[in-house]
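Colleague: what would the 3D arrangement of this be:
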Amino acid sequence: MYYAKFKADQAKAEEVKDFYHATEIKNDNTPYEYFLTKKNGITIHAYKNKKEIYTIVFSSEDERCIEEAEIFESQVSITETNEKKEDTSPKDYFQNWEDLHAQIGSDEVGVGDFFGPLIVVSSYVDKDDIDFLERYEINDSKKMKDHYILSIGPVLKRRIKNYVVMVSPQKLSLLAMNHFNIHKVMAKCHNISQKGLMEKYHLSNHIITYVDQFTREDDYKKLVGNELISNPLYFRTKGETYYPSVAASSVIARYTFLKEWEKMEEDLGAKIPKGASATVDKVYHEILNKNKKEKVDKYVKKFFSNYER
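Modeller: Okay, the predicted model is just below:
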């Protein structure tokens, strides 16, 4: 990896931010981060210290980041490391997208987390959106850093037609008590988000719709029942790798989930790990010791084994 960095005052930092149309990071957990964005495989990350002195860092797997940094500053500090990074550059990644026609894609987040809601998002993407998605390297949200998703999420939601469905842990727990398994809930939520997207933006029911596959196609259609949309449906695991509409939905869903997570942590007064591990169990009991059980219960999925441990 190559790194090129330079110091800057606020005016220069704003110039760089505006040049890349980056969004300022406003996160109490990372108060010294100013912005984070990407362009053609080059990451641009800006920090500020307590004295309002900014450091702008350009990084890439080749020397292109040096040329990019020198657009703004002729004297830059250059570092080369031997670290190997998984190849997810836009050129290679976007060549994998098989279909660049107008399409709808849906994805979800929150299924495996003891805390937090289930979020399902559908997005509409056509060829006019590809340059935008490519510029921000919109792909599988699980491979993207949370702070980057929080930075680009608002921009993505404004640019891409999307429809968000959120099911609270309380509602999920109630559905589980009434013998709704999680796959049935997910299938219905995918269908609701697809239908909501088409109604909101007056989209045709002839548009091909992709689902990030979590169950067999026949089972999905049975779980949804008579309310199934009439669009041609295609199912594929890791759909965000192949279809830009699913990739956009993946990131928007993660962004929405993270914003809800921030609200939950603030309300409960604790940093909460994601997932359903023994560490989550420990934090859950620590939170119970500081809050009323009824308050905590509205944030957890009671049908998880964590609830009884």
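Colleague: and residue 230, that's in a strand?
Modeller: No - under DSSP: H, G, I helix; E, B strand; the rest coil, residue 230 falls outside any strand and is assigned coil.
Colleague: who's in contact with the closest residue to it other than its chain neighbours?
Modeller: Closest residue in space to residue 230, ignoring its immediate chain neighbours: residue 205 at 4.9 Å, by CB to CB, 6 or more residues apart in numbering. C-betas here are computed from N, CA, C, even on glycine. Neighbouring residues of residue 205 by CB atoms under 8 Å, 6 or more residues apart in numbering: 198, 229-231.
Colleague: how about those, which pair is most distant?
Modeller: Of all pairs drawn from the contacts of residue 205, the widest gap by CB to CB lies between 198 and 230 and measures 10.0 Å.
Colleague: these two - which one has more neighbours?
Modeller: Neighbour comparison, residue 198 and residue 230: the larger count goes to residue 198, with 22 against 10 (by other CB atoms under 10 Å).
Colleague: quick one: contacts for that one?
Modeller: Going by CB under 8 Å, 6+ apart, residue 198 touches 104, 204-205, 207, 229, 231.
Colleague: if we use 10 Å, what do you get?
Modeller: Each residue near residue 198 by CB atoms under 10 Å, 6 or more residues apart in numbering is listed here: 104, 122, 124, 161, 163, 204-205, 207, 209, 229-231.
Colleague: give me the buried subset of these.
Modeller: Burial by neighbour count, judged by 16 or more other CB atoms under 10 Å, picks out 104, 122, 124, 161, 163, 207, 209, 229, 231 from the contacts of residue 198.
Colleague: coming back round to it: in JSON lines, list the contacts of residue 198 along with distance to residue 253, secondary structure and pLDDT.
Modeller: Listed next are these as JSON lines, based on distance: CB to CB, whole Å; DSSP: H, G, I helix; E, B strand; the rest coil; pLDDT from 0 to 100:
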{"residue": "104", "distance to residue 253": "14", "secondary structure": "strand", "pLDDT": "95"}
{"residue": "122", "distance to residue 253": "10", "secondary structure": "strand", "pLDDT": "98"}
{"residue": "124", "distance to residue 253": "15", "secondary structure": "strand", "pLDDT": "96"}
{"residue": "161", "distance to residue 253": "15", "secondary structure": "strand", "pLDDT": "97"}
{"residue": "163", "distance to residue 253": "11", "secondary structure": "strand", "pLDDT": "98"}
{"residue": "204", "distance to residue 253": "24", "secondary structure": "coil", "pLDDT": "89"}
{"residue": "205", "distance to residue 253": "23", "secondary structure": "coil", "pLDDT": "89"}
{"residue": "207", "distance to residue 253": "20", "secondary structure": "coil", "pLDDT": "90"}
{"residue": "209", "distance to residue 253": "16", "secondary structure": "strand", "pLDDT": "94"}
{"residue": "229", "distance to residue 253": "19", "secondary structure": "coil", "pLDDT": "96"}
{"residue": "230", "distance to residue 253": "24", "secondary structure": "coil", "pLDDT": "93"}
{"residue": "231", "distance to residue 253": "20", "secondary structure": "coil", "pLDDT": "92"}
